Structures are given as structure tokens and as C-alpha cells.
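Asks: my questions concern the predicted model and sequence given below.
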Amino acid sequence: QVQLVESGGGLVQPGGSLRLSCAASGSISSFYAMAWYRQAPGKERELVAYIHSGGGINYADSVKGRFTMSRDNAKNTVSLEMNSLKPEDTAVYYCNAARVAVTSKGLDSDYWGQGTQVTVSS
């Protein structure tokens with residue numbers, strides 16, 4: 001059992017930046033991938049970015065060029081640097097440890113953090 005704890009959310013103006021962090025209680029190197037998902041009010045959860053265990057990184061088209069995901073296996077942490085934030089980025093962001101695959105909405109069998117709120121508004 002691995003616990004994931006996110007931090008770094010908050011209120012930011014459009015065009016601003018935030019950095020989200022996720023700390024795992026155990027090793028993250030054994031997981032298929034580490035990912036960030038988000039869920040906006042009234043919408044389904046969606047994949048934002050993920051890092052495969054082999055190091056490859058993938059981003060949703062909506063955040064490509066603005067968000068940067070990284071991982072530190074030694075510290076068992078992952079981060080999401082978010083720049084040029086837009087109001088449509090407003091959502092609860094979830095850290096995810098994928099055990100067997102990365103899907104568009106995540107799997108119940110994955111490990112999930114409790115989520116951190118990101119609000120982009122003037």
C-alpha cells in the first residue's frame with residue numbers, strides 16, 4: 001500500500017504559475033507510471049501528464065508546452081510545473097501511481113492522492 005500526498009495547489013491569476021508536488025510513502029520506481037489527473041466541476045476526470053517507468057513523458061494536448069512533469073525516484077516524489085495557467089485549468093489535481101497501465105481516466109486499482117485544488121481566476 002502506497003500513500004500519495006499532493007501539495008502546492010491554490011488560487012492564481014490567469015497567466016500565472018503553480019508547482020504541484022506529490023510525495024509517496026513508498027518507492028515509486030516499481031510502478032508502471034506516475035501520473036497527474038484533474039477533474040473540473042461537472043466534468044469527468046482527465047489525464048494531464050504521466051511519466052513511464054522508463055522515463056518517457058506524455059502530456060495532454062491541452063497542457064503541452066505549458067506544463068512540465070518530473071519525478072525523483074530517490075525522494076519518491078513527482079512534480080507538475082504549471083505555467084501560463086488558464087481559467088480552464090481550474091480543477092482538483094490528483095497524483096496517481098499506475099500499477100499496470102495509464103488510461104484516460106485512471107483505474108480504480110491505481111493508487112490515488114486526495115487531490116489539491118487549483119483555481120485560475122482574476
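Replies: Thanks, I have it. Numbering: from 1, shown residues only.

Asks: spatially central residue for this structure, please.
Replies: W36 (2.1 Å; Cα atoms, centre = their mean).

Asks: is it within a helix or a strand, and which one?
Replies: strand 33-39 (DSSP states H and E).

Asks: and the average pLDDT for that strand is what?
Replies: Taken as a whole, strand 33-39 has a mean pLDDT of 98.

Asks: run through who's touching that strand.
Replies: 20, 22, 28, 45-53, 69, 71, 78, 80, 89, 91-98, 102, 105-106, 115, 118 (Cβ atoms under 8 Å, 6 or more residues apart in numbering). For glycine as for every other residue, the C-beta is placed from the backbone atoms N, C-alpha and C.

Asks: all strands for the chain, in order.
Replies: 4-7, 10-12, 18-24, 33-39, 46-52, 57-59, 67-72, 77-82, 91-98, 111-112, 116-120 (DSSP state E).

Asks: ranking these by burial, who's on top?
Replies: strand 33-39 (a mean of 24; mean count of other Cβ atoms under 10 Å).

Asks: adjacent strands (with direction) for that strand?
Replies: Looking at strand 33-39 with DSSP bridges, its partner strands are strand 46-52 (antiparallel), strand 91-98 (antiparallel).

Asks: now render those strands as TSV, adding distance to G15 and mean pLDDT.
Replies: Shown next, in TSV, are these (distance: least, Cβ to Cβ, whole Å; pLDDT from 0 to 100):
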stretch	distance to G15	mean pLDDT
strand 46-52	19	97
strand 91-98	17	98
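
Asks: which of these sits closest to P14?
Replies: Minimum separation from P14 across the strands paired with strand 33-39 (Cβ to Cβ) falls at strand 91-98, 14.6 Å.
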